[in-house]
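S.K.: heads up, no residue letters with this:
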């Protein structure tokens with residue numbers, strides 16, 4: 001099913017998304033990769049606040065290439081999500097509602113997605129130049145010293161993703177393989 005949704009992706013929205021849905025996101029999402037996740041985890045360990053309130057937010061695992069003249073961002077393809085898995089359950093428990101990346105997630109993340117009624121979506125790897133055309137603006141909001149791995153707020157319009165794991169634990173990576181094997 002094709003779905004057009006606006007951020008923030010609240011629990012009311014995430015509960016309606018199903019593995020296999022094609023989703024077009026409009027609104028603000030945030031980027032964070034390995035180094036930013038590690039720094040946020042360190043801040044939480046010290047009792048410090050995060051640079052953004054993650055409740056009902058979407059984090060896109062992406063580090064862009066430099067922007068060409070006249071563009072807000074360069075190529076913006078997804079990063080392998082499993083590299084953030086050791087930090088993700090804690091962020092989901094803090095209210096993070098959606099993640100965008102590529103690849104499978106750990107059992108701990110899958111459990112946290114179900115427990116928190118969240119959703120994991122995938123963007124097409126290798127299509128970063130095309131995905132960047134859906135990004136209207138990009139602003140660094142934290143950890144500027146991390147360069148491409150800084151936390152950014154992206155304003156997107158009709159950003160295309162597919163739901164991989166829904167809030168009920170349906171996992172497209174598993175069901176698609178089973179479906180293919182029956183053909």
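M.R.: Thanks, I have the structure now. Everything numeric here is computed off the predicted structure, so don't read it as measured data. Numbers count the residues shown, from 1 in each chain.
S.K.: where are the low-confidence patches of this protein?
M.R.: The chain contains residues with pLDDT under 70 at 176-183.
S.K.: can you give me the strands in it?
M.R.: Using DSSP state E, the strands of the chain run over 2-6, 22-31, 58-60, 98-101, 119-122, 135-142, 151-165.
S.K.: now the fifth one, how far from the centre of its chain.
M.R.: Spelled out, that is strand 119-122. Taking C-alpha atoms, centre = their mean, to the nearest Å, the mean C-alpha location of strand 119-122 is offset from the chain mean by 7 Å.
S.K.: and that strand, what other elements does it pack with?
M.R.: strand 98-101, helix 107-115, strand 151-165 (3 or more C-beta pairs under 8 Å, 6 or more residues apart in numbering; DSSP states H and E). All C-beta spots, glycine's among them, are computed from the backbone N, C-alpha and C.
S.K.: go again using 7 Å as the cut-off
M.R.: The contact analysis (3 or more C-beta pairs under 7 Å, 6 or more residues apart in numbering; DSSP states H and E) places strand 119-122 against strand 98-101, strand 151-165.
S.K.: likewise for the third one?
M.R.: Judged by 3+ C-beta pairs under 7 Å, 6+ apart, strand 58-60 is in contact with strand 22-31, strand 98-101.
S.K.: mind checking which of those is nearest residue 3?
M.R.: strand 22-31 (4.8 Å; C-beta to C-beta).
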